[in-house]
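>>> okay, sequence plus prediction incoming.
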Amino acid sequence: MKSPAVVNFSPEAGSVEIREIERPAIGANDVLLEVANVGVCGSDLHQWTADHSWPVNYPVVLGHEFGGHIVEIGSEVEIWKEGDRVVSETAAIIDPDNPMTRQGLYNLDTSRKGFGYGVDGAMTKYVRVPSRILHRVPDRLPFEEACLTEPTCVAYNAVVRNARIEPGDRVIVLGPGTIGILCAAMAKQCGAQVALVGLEQDAHRLKIAEQYGCETIIGDASEWAKSRDGLGSDGVIDAAGASATLQIALDVVRPNGWISKVGWGPQPLGFNLDPLVQKNVTLQGSFSHHWTIWERVIALMGDGQFDVKPIIGGVWDVTDWHEAFEKMHGGEVVKSVLRPV
């Protein structure tokens with residue numbers, strides 16, 4: 001049985017197309033998931049435009065933000081059954097003996113391979129998933145929303161685990177993409193006063209952030225950062241896809257403040273880091289997520305405490321992937337969601 005899949009087939013720009021692929025075979029500890037919905041990530045777009053900075057195992061089915069129903073169980077899988085509603089983490093392959101994995105931080109296992117670049121992802125009807133990275137989805141949470149558990153976990157890690165927000169803090173978020181908006185919303189939920197910063201072309205995305213109660217700024221955020229006591233914001237979450245925004249973060253953060261950097265940017269910095277030292281600023285990287293974060297985020301989403309609906313710009317069949325990608329790439333929507341056919 002073959003199904004259409006969105007396949008990135010080479011490192012050249014534009015090398016994405018629909019191909020018919022076979023239903024995957026599963027191993028003893030895997031399940032076969034019938035995909036209900038899959039979110040389009042910025043990394044999918046970067047592989048499409050060939051401006052990514054990570055190795056890709058071509059050809060590969062794209063898609064790592066997904067959920068669906070279990071339709072087949074491996075012979076050694078015990079806690080899941082056919083028909084279960086689940087979402088999946090991204091760490092498809094990890095080394096169980098890696099020191100980071102043994103600490104529960106398998107997201108930091110340097111040999112880790114994820115869906116959509118290391119192994120086939122979920123922009124198709126069926127995907128093979130190790131049972132160890134599944135999470136149960138409550139019936140009240142639609143898959144169109146549940147498939148965005150993954151980017152919400154990225155935001156949770158950057159804002160809750162890798163920052164130090166206290167209620168009443170003033171926090172600036174740089175970059176109004178999916179992760180930036182979710183980070184701003186998460187910081188707001190933590191009790192911070194939040195400003196999301198973007199450019200003129202980001203006006204539509206900034207309006208969406210206002211639905212989460214965040215202030216929005218086009219251009220220079222210095223005045224907002226210093227409006228309380230003249231020293232700067234308590235913290236900055238850098239969710240922009242460029243290295244240069246770190247300089248902005250250093251400019252607007254207060255002495256003894258913090259910066260949580262979650263946005264990828266392969267460009268060299270091109271500026272000195274003396275302000276980091278002079279201000280006694282904590283700079284913290286934030287990458288991916290792990291099991292406990294997923295359980296927390298699903299609890300928040302399932303109880304209606306964290307709503308991802310505002311960022312969803314539409315749902316397209318996987319065969320209409322190009323339109324869904326274009327609308328995200330052009331900034332018309334924040335998040336495109338696909339459904340298999």
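It's in.
>>> strands of the stretch 101-250 of the chain, start to end?
Listed in chain order, the strands of the stretch 101-250 of the chain (DSSP state E, counting those that start in this stretch) span 126-130, 134-136, 170-174, 193-198, 215-218, 233-238.
>>> any chance of those strands in CSV, plus distance to residue 5?
Quick note: C-beta positions are derived from backbone N, CA and C, even for glycine. Converted to CSV, those look like this (distance: least, C-beta to C-beta, whole Å):
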stretch, distance to residue 5
strand 126-130, 9
strand 134-136, 21
strand 170-174, 34
strand 193-198, 33
strand 215-218, 37
strand 233-238, 34
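>>> which one of the ones you listed lies nearest to residue 58?
The closest approach between residue 58 and any of the strands of the stretch 101-250 of the chain, judged by C-beta to C-beta, belongs to strand 126-130 at 17.7 Å.
>>> partner strands of the closest one and their direction?
Strand 126-130 sits in its sheet next to strand 30-39 (antiparallel), going by DSSP bridges.
>>> next secondary structure after the strand it pairs with?
helix 42-49 (DSSP states H and E).
>>> for that next one, name the packing helices and strands.
Packed against helix 42-49 by the contact rule (3 or more C-beta pairs under 8 Å, 6 or more residues apart in numbering; DSSP states H and E) you find helix 321-329.
>>> what does the helix or strand just after the helix it packs on contact?
Per DSSP H and E, the first helix or strand lying C-terminal to helix 321-329 is strand 335-339. Strand 335-339 has contacts (C-beta atoms under 8 Å, 6 or more residues apart in numbering) with 6, 36-40, 63, 123, 144, 147-148, 151, 178, 311-318, 321, 324-325, 327-328.
>>> are any of those residues buried, and if so which?
The neighbour-count criterion (16 or more other C-beta atoms under 10 Å) marks 6, 36-40, 63, 123, 144, 147-148, 151, 178, 311-313, 316, 318, 321, 324-325, 327-328 among the contacts of strand 335-339 as buried.
>>> point out where the stretch 101-250 of the chain drops to low pLDDT.
Within the stretch 101-250 of the chain, no range satisfies pLDDT under 70.
>>> hmm, 90 instead?
In the predicted model, the stretch 101-250 of the chain carries pLDDT under 90 at residues 241-244.
>>> on that earlier part again, take the strands of the stretch 101-250 of the chain and write them to CSV, including distance to residue 301 and mean neighbour count.
Output for these, formatted as CSV (distance: least, C-beta to C-beta, whole Å; neighbours: other C-beta atoms under 10 Å):
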stretch, distance to residue 301, mean neighbour count
strand 126-130, 20, 24
strand 134-136, 11, 17
strand 170-174, 20, 29
strand 193-198, 19, 26
strand 215-218, 24, 18
strand 233-238, 20, 28
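>>> which one of the ones you listed lies closest to residue 286?
Per C-beta to C-beta, nearest to residue 286 of these: strand 233-238, 8.6 Å.
>>> now do the contacts for the residue nearest to residue 177 when sequence neighbours are not counted.
What sits nearest to residue 177 in space, not counting adjacent residues and going by C-beta to C-beta, 6 or more residues apart in numbering, is residue 42, at 6.1 Å. Residue 42 makes contact with 177-179, 241, 328 under the criterion C-beta under 8 Å, 6+ apart.
>>> look up how far residue 167 lies from residue 42.
Noted for residue 42: a distance of 30 Å to residue 167, by C-beta to C-beta, to the nearest Å.
>>> same question, residue 1
Relative to residue 167, and taking C-beta to C-beta, residue 1 is found at 53 Å.
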